[in-house]
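In: 3D, please:
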Amino acid sequence: MKEIDARGLACPQPVILTKKALEESKNVMTIVDNETAKTNLLKLAKKMNCEVAVKDESDGIKISMYRDNIENAKPEEGNLNAEVTTSSGGMVYVFGKDTLGEGSDELGKLLMKGFIYTLTEMDVPPAKIAFLNGGVNLTCEGSESIEDLKTLESKGTEIVSCGTCLNYFEISDKLLIGEVSNMYDIVEVIASGGNTVMI
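Out: Here you go, the predicted structure:
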């Protein structure tokens with residue numbers, strides 16, 4: 001079994017190191033020191049069709065993954081991280097802040113609320129929306145766009161927020177919509193989506 005010590009490494013390094021190891025070895029154990037890294041690795045295990053075991057020990061969280069067939073193992077069918085060309089056309093929006101445009105923050109927040117609402121009225125909803133940096137505030141308590149984001153989610157839009165960003169702003173416990181993701185998955189989606197809009 002190949003062992004990776006990813007304690008202290010920032011997102012998305014634990015995921016990248018583990019993914020590379022799994023491309024070469026059937027058995028990989030990665031040690032991390034936080035719940036966000038654990039969640040990200042469990043998503044990777046699902047995506048790569050791995051059997052997985054988790055042990056929370058005093059020296060770290062040990063995540064063991066096993067791939068039965070390296071050559072033929074494929075991402076789970078229908079996983080938007082692997083294939084963004086969904087019925088919604090593969091449109092991806094990336095929000096890096098919680099305001100729209102430059103100038104007045106008050107006006108910017110109003111414009112952002114209107115922008116997200118308008119997405120709910122489109123004939124074809126986005127395939128995925130990712131929130132980074134200050135943009136993660138839009139998916140947390142206090143956001144005036146939660147109901148609109150719930151509407152989009154109900155229409156099939158996948159909504160993710162950067163776990164590192166949530167931790168930085170200390171609002172992980174205030175997340176109200178979507179899932180916590182990592183930079184590796186977000187970059188992969190941007191690269192494979194074909195139709196990406198950065199806000």
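In: what helix or strand is Val15 on?
Out: Using DSSP states H and E, Val15 maps to helix 13-22.
In: Please state the backbone phi and psi of the spatially closest residue to Glu51 that is not a sequence neighbour?
Out: Excluding the flanking residues, the one nearest Glu51 by CB to CB, 6 or more residues apart in numbering is Tyr66, at 4.4 Å. For glycine as for every other residue, the C-beta is placed from the backbone atoms N, C-alpha and C. Main-chain dihedrals, Tyr66, degrees, to the nearest 10: phi -130, psi 130.
In: now the helices: where do they sit in this protein?
Out: For the chain, the helices defined by DSSP state H occupy 13-22, 35-47, 105-121, 146-154, 163-168, 183-193.
In: starting at the chain centroid, how far to the least confident helix or strand in the chain by mean pLDDT?
Out: Least confident helix or strand, the chain: helix 183-193 with a mean of 77, by mean pLDDT, DSSP states H and E. Here the centre of helix 183-193 is set off from its chain's centre by 9 Å, with CA atoms, centre = their mean, to the nearest Å.
In: Against which helices or strands is that helix packed?
Out: helix 13-22, helix 35-47, strand 91-95, strand 128-131, strand 158-162 (3 or more CB pairs under 8 Å, 6 or more residues apart in numbering; DSSP states H and E).
In: gap between Leu138 and Asp105?
Out: Separation of Leu138 from Asp105 (CB to CB, to the nearest Å) stands at 14 Å.
In: ok, Lys38 - how many residues close by?
Out: 19 (other CB atoms under 10 Å).
In: In contact with it, which residues?
Out: Residues counted as contacts of Lys38 (CB atoms under 8 Å, 6 or more residues apart in numbering) are Val32, Val54, Ile61, Ile63.
In: Tell me the most packed of the residues you listed, by neighbour count.
Out: Ile63 (26 neighbours).
In: In the contacts of Lys38, find the pair that's most separated.
Out: Val32 and Val54 (10.2 Å; CB to CB).
In: Next, show the common contact partners of those two.
Out: Lys38, Ile61, Ile63.
In: so the second one makes contact with Val54?
Out: Yes. With contact taken as CB atoms under 8 Å, Ile61 and Val54 are classed as touching, separated by 6.7 Å.
In: So for stretch 113-120, mean pLDDT?
Out: In this model, stretch 113-120 has an average pLDDT of 93.
In: Counting neighbours, what do you get for Lys174?
Out: Per other CB under 10 Å, the neighbour tally for Lys174 reads 15.
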